[in-house]
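*Asks:* only geometry, no sequence info:
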């Protein structure tokens, strides 16, 4: 049954910290899937110049099989020697790219603001860290944003919109950190992502955005102002002439700062008057804009309408041939991806999107849907515009999707295209029969092409993960589930929790259980407090009581007893007393990961600091400018629902305290720099020292 192994270089210590070499044993069916995917994946490379694809996929495919064509990624081109020599990226994927045909970075034209040398190339602009984070409850910490940005760079997105720097000091710091790290990490093939900061069309916003992003190799300022009649009259209270002047001044000011890559967006362009759009966009080009982004802000347009908008703008805007046209489509009618592709069909060469399609209201166009649509249909379904392609390496889609879902607390619906749990699952007997005979009967792409390895369990020879399983088995299954980018500390934390749960759960842990444990540890990077003990007493006759023990950042354990309306309420009150916080629980939800009395429970909580409390804070909306309460999300998993609830609550509070400490530090540094004697700032959260060792209902025991 042992038919092949990966190269030992693939499993270097860098990628598998617990063993110097880790071999993956492939069953016959898994080997067939691997070679089939390798044969098909050449569709991601541009067709017109196969000699410069920069990938070994084609040669790998010809060596494996040339007798049958694929309904998924078929090709008739013969690979050339140059095609097999491609350039690998550096960083985390460099050694992998040398040995694994899946992990080659896509080639792309030279980056020039306002111009793409290859008219068939489509730039992918990811706004997960800006528009995606505007989803209610999707607050991300600075460290989480940097991790996501690194994965976006592995994907190969052309532009990362890192945030809205003026919104808060934490947002500014996150954007600046991404610009100074991810924005300066140049791969061996010359690729480095553009780091973009959003700003409203005023000098203060633009100056702050420039300060945040100027450390990047390729910084970009993205400024916007609304152009639809309803927005100008009701929100801006401006005349069309005033809006044009504001747009011109904003672009000119950005250019005066030294920025040569400027994106301008007429907000709500989908409902704006065409003649006014021609005027304001022409003025923006004359002022120095290099990319014109056309937002369907409310998801109002049909695909044929939005495509016509793009075409008319390219035909009628003065200087349209000097800039790149971009799309930014929202999903209010479920048409965001369709509208984006309609824009590409009509000449847009930058498509803005987010991982998992998260964003305002119903979300944005989904990156994974756009990328795979171009990969599968870009060669033949875009009329006279050419054979479109992007520079995305889709093998990192699954890992990035899971990371975003875990850090934001926003899970994908099971039937979500490309990355949903059911996207490559088959339950119908007819479908299963077809899949057994030929996977192309019901799958238009392979899960391996997006980095999702089916694993032996789905090939009929699964490993049962139980209390006797070792690290090798657990880590291998995590990789097969798409968590191959987890670092050593996170893997060790997940394995520790795995052992704790496996001791209690009979029959082993299913894939859903393992994924729940990953979510449980997703916020561990922000750990200040840890639940080390918990006991509750409840029932119909007595008063629900909870005794909670927490380990603080100083390594001292503290315990408190409290009463409440129920066991979870009592636990939360005890935690509040120990940690010294004052928050409101906005949302509490729990679901069973799988069936059975021993099923793992996953709890999700959303908290908001109380107004006037020690941790009060707000955040500014990127478009409206309205300041609202900042929300923090926490996840927790356990076979005991009360323990899962406690873990989720402490996870959310840890995020709040980490954010609060950074804000306090920022205020202190600013006060010292300005020599301000009276700093009107909230006190730092008290993490240790004065909390009593034992408290019962607010009284010292």
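*Replies:* All right, it came through fine. The shown structure was predicted, so the numbers you read here are calculated from the model rather than taken from an experiment. Numbers count the residues shown, from 1 in each chain.
*Asks:* and residue 259, how many neighbours does it have?
*Replies:* 22 (other Cβ atoms under 10 Å). Every C-beta, even on glycine, is put in place using the N, C-alpha and C of the backbone.
*Asks:* mind listing what it touches?
*Replies:* Shown in contact with residue 259 (Cβ atoms under 8 Å, 6 or more residues apart in numbering): 210, 214, 219-221.
*Asks:* quick one: which of those has the most company?
*Replies:* residue 221 (29 neighbours).
*Asks:* So what sits opposite it in the bridge?
*Replies:* residue 197, residue 262 (DSSP bridges).
*Asks:* ok, it - contacts?
*Replies:* By Cβ under 8 Å, 6+ apart, the neighbours of residue 221 are 196-197, 199, 206, 209-210, 213, 254, 257, 259, 261-263.
*Asks:* before we move on, what about residue 162?
*Replies:* With Cβ under 8 Å, 6+ apart as the criterion, the residues that contact residue 162 are 129-130, 145, 149, 174-175, 178-179, 195-197, 212-213.
*Asks:* now, which of these sits nearest residue 246?
*Replies:* Distance to residue 246, by Cβ to Cβ, is smallest for residue 197 among these, at 18.6 Å.
*Asks:* I figured that closest one was touching residue 165, is that so?
*Replies:* Yes. At 5.1 Å, residue 197 and residue 165 qualify as touching, with contact defined as Cβ atoms under 8 Å.
*Asks:* okay, and the common contacts of those two?
*Replies:* Common contact partners of residue 197 and residue 165 (Cβ under 8 Å, 6+ apart): 175, 209, 212-213.
*Asks:* List the ones among those residues that fall in strands.
*Replies:* Within those, no residue falls in strands by DSSP state E.
*Asks:* so which of these is the most crowded?
*Replies:* residue 175 (35 neighbours).
*Asks:* Okay, buried residues for stretch 315-326 please.
*Replies:* By neighbour count on 16 or more other Cβ atoms under 10 Å, the buried set for stretch 315-326 is 317, 320, 323-326.
*Asks:* From those, pick the one nearest residue 339.
*Replies:* Using Cβ to Cβ, the buried residues of stretch 315-326 come closest to residue 339 at residue 326, 12.5 Å.
*Asks:* tell me the SS of that closest one?
*Replies:* When classified by DSSP: H, G, I helix; E, B strand; the rest coil, residue 326 comes out as strand.
*Asks:* Going by neighbour count, list what's buried in stretch 411-431.
*Replies:* The neighbour-count check on stretch 411-431 (16+ other Cβ under 10 Å) flags 411-412, 416, 418-420, 423-424, 426 as buried.
*Asks:* average model confidence for stretch 450-467?
*Replies:* Stretch 450-467 carries an average pLDDT of 59.
*Asks:* what does stretch 310-328 give?
*Replies:* Summarised as a single mean, pLDDT over stretch 310-328 is 97.
*Asks:* So which residues of the stretch 601-701 of the chain form helices?
*Replies:* Secondary structure of the stretch 601-701 of the chain by DSSP state H, counting those that start in this stretch: the helices cover 641-674.
*Asks:* typo on my end, it should be the stretch 101-250 of the chain
*Replies:* Ranges of helices within the stretch 101-250 of the chain are 142-155, 169-180, 203-213, 229-231, 240-256, based on DSSP H, counting those that start in this stretch.
*Asks:* So which other helices or strands are in contact with the last one?
*Replies:* In this case it means helix 240-256. For helix 240-256, the elements it packs on are helix 203-213, strand 219-226, strand 262-267, helix 274-287, judged by 3 or more Cβ pairs under 8 Å, 6 or more residues apart in numbering; DSSP states H and E.
*Asks:* Noted, bye for now.
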